[in-house]
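# for reference, the sequence and a predicted model appear below.
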Amino acid sequence: MTIGIIGAGNIGGTLATLLAAAGHEVLLSNSRGPESLADRAGGPGGRIRVGTVAEAAAAGDLVVEAIPFGRYRDLPAEALAGRILVSASNYYPGRDGELDLGGRADTELVADHLAGSRVVKAFNTIWSGHLASRGDAAKPHDDRRVIPVAGDDADARRTVLDLVDELGFGGLDNGGLHDGGLRQMPGTPVYNADITVREARPLLAR
């Protein structure tokens, strides 16, 4: 699979390495342009290319955004139409400014902006150090470090769950974008919690 990544910080950059190591072709981008990512080109198997945000958005059927939440309106809605868009961003008032979410999950605003995309919330509950080191495909699924996945499109959710499992983590279906998204935002029991799928299941069922 060819996967575009918008945002080359801790999560985006780590995902690029993991996905390339798993055999995927990756096009990594950020707002500063490909020149700033020259040292990231190549990667495992030479599978990481660098490019513009527009190129990453058009790179494949699945794109990951890992940019500060306050900049979600910068995502190119037209270029991302029809694609699975994995949102790994989180709303932090201290960084993003005070926003009235109106009782909604932060990623619902991303989905509103990207109305033509199949938006899935994932990779937002794990810090980059654990993302880089906790994946272990040799473990039974329920004993793996959990990564919850929420989204309104069941097929898109399944695709992302399979990708999470491929990286050695335990993908846990967390339902739709509203209820599921609220259950995995900052401050919730599963956010940045180093727990297994088995341990996370009752926390997300509350």
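Alright, I've got the coordinates. Numbers count the residues shown, from 1 in each chain.
# hey, what's the nearest residue to residue 6 once chain neighbours are set aside bridged with?
Spatial nearest neighbour of residue 6, excluding adjacent residues (CB to CB, 6 or more residues apart in numbering): residue 65 at 4.6 Å. All C-beta atoms are positioned from the backbone trio N, CA, C, and that covers glycine. Taking DSSP bridges as the rule, residue 65 bridges to residue 6, residue 87.
# tell me how far residue 65 lies from residue 103.
23 Å (CB to CB, to the nearest Å).
# who has more neighbours, the two?
Each of residue 65 and residue 103 has its neighbours counted (other CB atoms under 10 Å); residue 65 has more, 29 against 8.
# I figured that one hits residue 85, correct?
Yes. With contact defined as CB atoms under 8 Å, residue 65 and residue 85 form a contacting pair (6.3 Å).
# what do the two both touch?
Common neighbours of residue 65 and residue 85 (criterion: CB atoms under 8 Å, 6 or more residues apart in numbering): 75, 110.
# show me where this protein has strands.
With DSSP state E, the ranges of strands along the chain come out as 2-6, 25-29, 48-50, 62-65, 84-87, 118-121, 146-151, 170-173.
# elements contacting the third one?
Secondary structure elements in contact with strand 48-50, counted by 3 or more CB pairs under 8 Å, 6 or more residues apart in numbering; DSSP states H and E, are helix 10-21, strand 25-29.
# can we see that at 6 Å?
Strand 48-50 sits against strand 25-29, with contacts defined as 3 or more CB pairs under 6 Å, 6 or more residues apart in numbering; DSSP states H and E.
# list the strands paired with the strand it packs on, with their directions.
Applying DSSP bridges to the sheet, strand 25-29 is found paired with strand 2-6 (parallel), strand 48-50 (parallel).
# ok, now which ones touch the residue nearest in space to the middle of the chain?
In the chain, the C-alpha nearest the mean C-alpha coordinate belongs to residue 88, at 3.4 Å (CA atoms, centre = their mean). Contacts for residue 88 (CB atoms under 6 Å, 6 or more residues apart in numbering) come out as 11, 66, 123, 124.
# among those, which ones are buried?
11, 66, 123, 124 (16 or more other CB atoms under 10 Å).
# average pLDDT for stretch 129-145?
Average pLDDT, stretch 129-145: 98.
# ok, back up a step: need the strands of the chain in a markdown table (columns: distance to residue 199).
Formatted as a markdown table, these follow (distance: least, CB to CB, whole Å):
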| stretch | distance to residue 199 |
| --- | --- |
| strand 2-6 | 29 |
| strand 25-29 | 31 |
| strand 48-50 | 33 |
| strand 62-65 | 25 |
| strand 84-87 | 23 |
| strand 118-121 | 20 |
| strand 146-151 | 7 |
| strand 170-173 | 10 |
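# which of those sits closest to residue 191?
Ranking these by proximity to residue 191 (CB to CB) places strand 146-151 first, at 9.5 Å.
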